[in-house]
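**Student:** Starting from these lines, generate the structure:
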Amino acid sequence: MRVNEHLRGGQSGADGEQVSVLFIADPGTPAALAERVAEYLPQRLRSRDRPERRWTTCVRRKPYLSDEQAAFADVIDAVDPSSEREDIVVYLTDLPRREDTLPVVGEVSAGHKFALISVAGVGGVNIERRVRTVTELAIARVLGEPELMPPGSARRFRSVQVEDGIRYFAPSGLRRLRLLSGMVRANRPWRLVTGLSKVLVGAFATGAVALATDTIWLFADMMGPWRMTVATILSIVAMVLWLILDHELWERPKSPAERDRSVLYNTATVVTLVIGVVVLYVALFCLLLFTARLALPSELLSRVLGRGVDFTDYLTLTWLLASIATIGGALGSGLEDDAAVKEAAYGVRQRQRIEETRTQSNEAG
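**Tutor:** Residues are numbered from 1 along each chain as shown. This next block holds a predicted model:
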């Protein structure tokens, strides 16, 4: 049965018409968002729709889109929404979609009852609310019922008619920054922190050993805030560079046409790694501060420094220890599982998605 036939016919009687929506989502952030939006959508649309209409939703986790530059028509052919039993198919992807340099948040084909939504395009703040808004906007466009559109959404998301449907762009103002923040959010920097557990343990061990050296105490007392700040920046940069080089996270464009995409991917990877390493640094600082207060008597520290000490001196000492330990922990990052680190790289995930898509195609063939 074709999708549009089911939609026109609906279900009559006591239950009224029923409209079903299938969410297909890439693994990771898009899948988690699809679950939450699918749970919320029926109540949201029913509150503004005909009371006799019933909405049902379901979610499938499967990556169809292997290339962000794929034409919308090719995405429709790959997903093949007409083969699904549901009336409307909404596909959420974490790959950024662009027209030239303009970030695209969604593409809708009313004829195929299909919508493609780029989670990265909506930005990194209020992401669930924005995805819900674009989803409702797309469904309203598919059904041809403007009353289902969230108030003001049509003005906020500028649209243009394209060959295969309608394309919606991110709101004006800081579009590239919004796209970058959405990509970083999709990279899930917090997973990088949990994945670098061995680095944290190795760095803590390095800092604990350095804590027992009175020369470090003297260095911390003499360096001053500017030198300490430089040491902190250098330690974070060293960790990020080591992660990129050791795990081969840097994208190298194979042609001039790929240069802009590589710059965007590499920027998102670097920002993700910096966020993850900074959080790691803060966690390491707290652990070392607790250890220093517990294991290093103030009388001993005062005797070495030749003056009275207070809590500020412990903070300064821990600051230097965390920087030294982070550099030592960078060497330990080579011991980490590649999968934990490569989740932070857009290009790596795309290559993995391409391989997975090819494998599925071969198995289907």
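
**Student:** Low-confidence regions, the protein specifically.
**Tutor:** 1-16, 47-51, 66, 257, 329-365 (pLDDT under 70).

**Student:** All the helices of it, residue numbers only.
**Tutor:** With DSSP state H as the criterion, the chain has helices at 3-9, 29-46, 72-79, 127-143, 153-156, 175-187, 189-195, 197-211, 214-246, 259-295, 298-305, 311-332, 338-342, 346-364.

**Student:** Phe114: which of those helices is closest?
**Tutor:** helix 72-79 (5.7 Å; Cβ to Cβ). C-beta coordinates here come from the backbone N, C-alpha and C atoms, glycine included.

**Student:** What residues of that closest one count as buried?
**Tutor:** Phe72, Val75, Ile76, Val79 (16 or more other Cβ atoms under 10 Å).

**Student:** Could you report the distance from the third one to Leu22?
**Tutor:** Read that as Ile76. Ile76 sits 14 Å away from Leu22, going by Cβ to Cβ, to the nearest Å.

**Student:** Same check on Ser118?
**Tutor:** 18 Å.

**Student:** which of those two has more neighbours?
**Tutor:** Ser118 (30 against 24; other Cβ atoms under 10 Å).

**Student:** State the distance from the more buried one to Thr206.
**Tutor:** 42 Å.

**Student:** Leu33 now?
**Tutor:** 39 Å.

**Student:** what does Glu251 give?
**Tutor:** In terms of Cβ to Cβ, Glu251 sits 31 Å off from Thr206.

**Student:** one step back: more neighbours: Leu33 and Thr206, which one.
**Tutor:** The neighbour comparison of Leu33 against Thr206 (other Cβ under 10 Å) goes to Leu33, with 25 against 21.

**Student:** Name the nearest residue to that one, sequence neighbours excluded.
**Tutor:** Excluding the flanking residues, the one nearest Leu33 by Cβ to Cβ, 6 or more residues apart in numbering is Val131, at 5.3 Å.

**Student:** Now do the contacts for the one you found.
**Tutor:** Leu33, Val37, Leu92, Ile117, Val119, Val122 (Cβ atoms under 8 Å, 6 or more residues apart in numbering).

**Student:** Counting neighbours, what do you get for the third one?
**Tutor:** Okay, so that is Leu92. Leu92, neighbours per other Cβ under 10 Å, totals 26.

**Student:** Correct me if wrong: it contacts Ile117.
**Tutor:** Yes - using Cβ atoms under 8 Å, Leu92 is in contact with Ile117, at 5.1 Å.

**Student:** now the residue most central in space within the chain: how far from Gly165?
**Tutor:** Nearest residue to the geometric centre of the chain (Cα atoms, centre = their mean): Ala186, 1.1 Å. Separation of Ala186 from Gly165 (Cβ to Cβ): 24 Å.

**Student:** cool, Glu258 as well?
**Tutor:** According to Cβ to Cβ, Glu258 stands 26 Å off from Gly165.

**Student:** quick one: which of these two has more around it?
**Tutor:** Taking neighbours as other Cβ under 10 Å, Glu258 and Gly165 compare with Gly165 leading, 23 against 14.

**Student:** Which residue comes closest to that one once chain neighbours are left out?
**Tutor:** Ser109 (3.7 Å).

**Student:** contacting residues around the one you found?
**Tutor:** Phe72, Ile76, Ala115, Val142, Asp164, Gly165.

**Student:** what pairs with Gln161 across the strands?
**Tutor:** Ile166 (DSSP bridges).

**Student:** And for it, the neighbour number?
**Tutor:** So Gln161, with other Cβ under 10 Å, has 8 neighbours.

**Student:** the domain parsing of the protein - what is it?
**Tutor:** Domain ranges of the chain: 3-174, 188-364, per automatic domain parsing.

**Student:** nearest to Leu180, of these?
**Tutor:** Closest of these to Leu180 is domain 188-364, at 6.0 Å (criterion: Cβ to Cβ).

**Student:** my guess is Arg60 meets Ala25, correct?
**Tutor:** Yes - here Arg60 reaches Ala25: they are 7.4 Å apart, a contact under Cβ under 8 Å.
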